[in-house]
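Q: Make a model of this:
(one chain, ligands or ions: 1)
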Amino acid sequence: MAKAAKNKTPTKAAKVRLPLPAGIAATKKSKLPKPVRAVDARVLSPLTANGTGGDALILDRLWQVVEQRRGAGDAARSHSARLMARGTAKVAQKLGEEAVECVIEAALGNREATVLESADLLYHLIVVWVDAGIHPEEVWSELVRRQGVSGLAEKAARPRGVIRAAGTRKLP
Ligand SMILES: N=c1c2ncn([C@@H]3O[C@H](COP(=O)(O)OP(=O)(O)OP(=O)(O)O)[C@@H](O)[C@H]3O)c2ncn1[C@@H]1O[C@H](COP(=O)(O)O)[C@@H](O)[C@H]1O
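A: Down below sits the predicted model:
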């Protein structure tokens with residue numbers, strides 16, 4: 001019984017809906033052109049149909065595709081264009097929802113669903129970067145800068161009082 005449950009096709013978590021902060025509005029979906037159902041831009045994209053296997057370079061390629069969708073993208077054919085047309089708050093909200101869905105699957109120990117949710121999360125993070133004008137190299141550089149520095153050592157080296165000054169309630 002447990003084995004059958006373990007082998008079932010992974011399904012996505014129930015959709016999480018986060019409210020936008022008070023005073024921030026996003027463009028309503030109904031105000032955008034209806035998506036063209038017959039065409040799947042992902043199937044047509046030469047960048048994603050080149051047969052490459054999985055490696056981190058996909059993140060750079062995905063950023064380029066989403067960047068192309070910015071401004072010039074057709075909101076009826078492109079999910080990225082459609083999402084960005086709804087405004088920065090909506091783009092950020094979607095990232096939060098995907099993060100929560102990923103957290104739920106991870107906490108439940110659903111390995112395969114966590115992989116699916118991770119892909120959703122990375123895609124929506126890249127939409128956040130494009131919307132904010134952030135290039136992947138900026139994030140890669142920051143990761144390189146942190147390489148070899150233990151998170152515990154970094155935390156211990158922080159000036160005292162910084163956490164309080166930053167206004168966070170997170171426990172140190
Ligand atoms: N990786 C992805 C990807 N992952 C998830 N999604 C879409 O994200 C959407 C999430 O759906 P939801 O129902 O959660 O949210 P929603 O309908 O956008 O909005 P709300 O219901 O929350 O208002 C789905 O339509 C998914 O298909 C993605 N859409 C695009 N990509 C990549 O982005 C590229 C460009 O896509 P387009 O911009 O659509 O051309 C593609 O080639 C893909 O490589």
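Q: ok, the closest residue to K28 other than its chain neighbours - how many residues close by?
A: Nearest non-adjacent residue to K28, counting by C-beta to C-beta, 6 or more residues apart in numbering: R86, 7.9 Å away. From N, CA and C alone the C-beta is placed, and that goes for glycine too. Using other C-beta atoms under 10 Å, R86 has 19 other residues around it.
Q: State the phi and psi torsions of R86.
A: phi -90, psi 0 (degrees, to the nearest 10).
Q: my guess is it meets S30, correct?
A: No: with contact defined as C-beta atoms under 8 Å, R86 does not reach S30; the gap is 10.9 Å.
Q: And the contacts of stretch 76-85?
A: The contact list for stretch 76-85 (C-beta atoms under 8 Å, 6 or more residues apart in numbering) reads 27, 32-36, 39, 41, 65-66, 69-70, 73-75, 90-91, 94, 127, 130-131.
Q: Any of those residues buried? List them.
A: 35, 41, 65-66, 69-70, 73, 75, 90-91, 94, 127, 130-131 (16 or more other C-beta atoms under 10 Å).
Q: Out of those, which is nearest to the ligand?
A: The nearest member of the buried ones among the contacts of stretch 76-85 to the ligand, counting by C-beta to the nearest ligand atom, is A41 at 3.4 Å.
Q: Output the below-cut-off pLDDT ranges for this protein.
A: The chain contains residues with pLDDT under 70 at 1-13, 36-53, 161-172.
Q: try it again with 50
A: 1-8, 39-49 (pLDDT under 50).
Q: For K90, which residues are in contact?
A: By C-beta under 8 Å, 6+ apart, the neighbours of K90 are 20, 26-27, 83.
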